[in-house]
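Asker: Pasted the sequence and its predicted model underneath.
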Amino acid sequence: MLSTIPANFSSGSLVDYDPFLSFEGGFTPPWDCSELFSKTQSIEPAGSDETNQNQTNSNTSSDEPNQPLSVLDERKRRRMISNRESARRSRMRKQKHLENLRNQVTRLRVENRELNNGLRFVLYHCHRVRTDNDRLRSEYSMLRQKLSDIRQILLFKQLQQFSSAWPCYNVTAMSEQTLSLIT
């Protein structure tokens, strides 16, 4: 917290301190802030709230001209506390959000693993079904050819029986040609 009290002052000399000392030489333009941030100002550590409160209390016990200064210090202190609380809440929200994201990543990894296992299972069974299907198609084609051969043999036998009933047809020469075609 920026303090308007120089670091080399003791608490006994606070009564004699004039915060408007820098205005004695005249008005300094706002863009020339080198004098305002000289050695007389110091940055206090974050845990020095008690010191700030003691300084505020000593300012309130002094003259009336120091009253606006203590109000400003009180506003700065409240704003600093508010900013700290806001930063703490922001860190907590960020931590909670990161934890939620980690949980979501873990859950999605588990779901991804389960889906991959399911996909492997389906692909394995799909491959087995295709293999079985190819085998059955081949078997179907072979059995269809055998059925066609059997039909031709039956047809030939029926033709032979029919030709033996009619002696005028010489079917034996024709049957030998058909048998050679079948086998």
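Answerer: Arrived safely.
Asker: Helix, strand, or coil at residue 82?
Answerer: Recorded secondary structure, residue 82: helix (DSSP: H, G, I helix; E, B strand; the rest coil).
Asker: How about the contacts made by residue 134?
Answerer: By Cβ atoms under 8 Å, 6 or more residues apart in numbering, no residues touch residue 134. Just so you know, the C-beta spots here come from the backbone N, C-alpha and C atoms, and that holds for glycine as well.
Asker: element containing it, please.
Answerer: helix 67-165 (DSSP states H and E).
Asker: Let me see the mean pLDDT of that helix.
Answerer: Mean per-residue pLDDT for helix 67-165: 93.
Asker: I'd like the numbering to begin with 52 instead of 1 from here.
Answerer: Done: numbering now begins at 52, and the last item shifts to helix 118-216.
Asker: and residue 195, how far is that from residue 126?
Answerer: Applying Cβ to Cβ, to the nearest Å, the value for residue 195 to residue 126 is 98 Å.
Asker: What about residue 142, how many residues nearby?
Answerer: Residue 142: 10 surrounding residues under other Cβ atoms under 10 Å.
Asker: actually residue 145, not the one I wrote
Answerer: Around residue 145 sit 10 other residues, with neighbours defined as other Cβ under 10 Å.
Asker: From residue 131, how far out is it?
Answerer: The value you get for residue 145 to residue 131, if Cβ to Cβ is used, is 21 Å.
Asker: Same question for residue 176.
Answerer: Distance of residue 176 to residue 131, given as Cβ to Cβ: 67 Å.
Asker: So those two - more neighbours on which side?
Answerer: Legend: neighbour count by other Cβ under 10 Å for residue 176 and residue 131, higher for residue 131 (15 against 10).
Asker: Burial check on residue 164, number of neighbours?
Answerer: Residue 164: 10 surrounding residues under other Cβ under 10 Å.
Asker: what's around residue 138, how many residues?
Answerer: When counting by other Cβ under 10 Å, one arrives at 10 neighbours for residue 138.
Asker: Kindly report the same for residue 207.
Answerer: Look at residue 207: counted by other Cβ under 10 Å, it has 17 neighbours.
Asker: Same question for residue 123.
Answerer: By other Cβ under 10 Å, the residues close to residue 123 number 13.
Asker: any idea how far it is from residue 132?
Answerer: 15 Å.
Asker: same deal with residue 162?
Answerer: Noted for residue 162: a distance of 45 Å to residue 132, by Cβ to Cβ.
Asker: Next: residue 199.
Answerer: With distances taken as Cβ to Cβ, residue 199 is found 98 Å from residue 132.
Asker: Next: residue 144.
Answerer: For residue 144, the distance to residue 132 - Cβ to Cβ - is 19 Å.
Asker: Over to residue 196?
Answerer: Taking Cβ to Cβ, one finds residue 196 at 95 Å from residue 132.
Asker: All good on my end, thank you.
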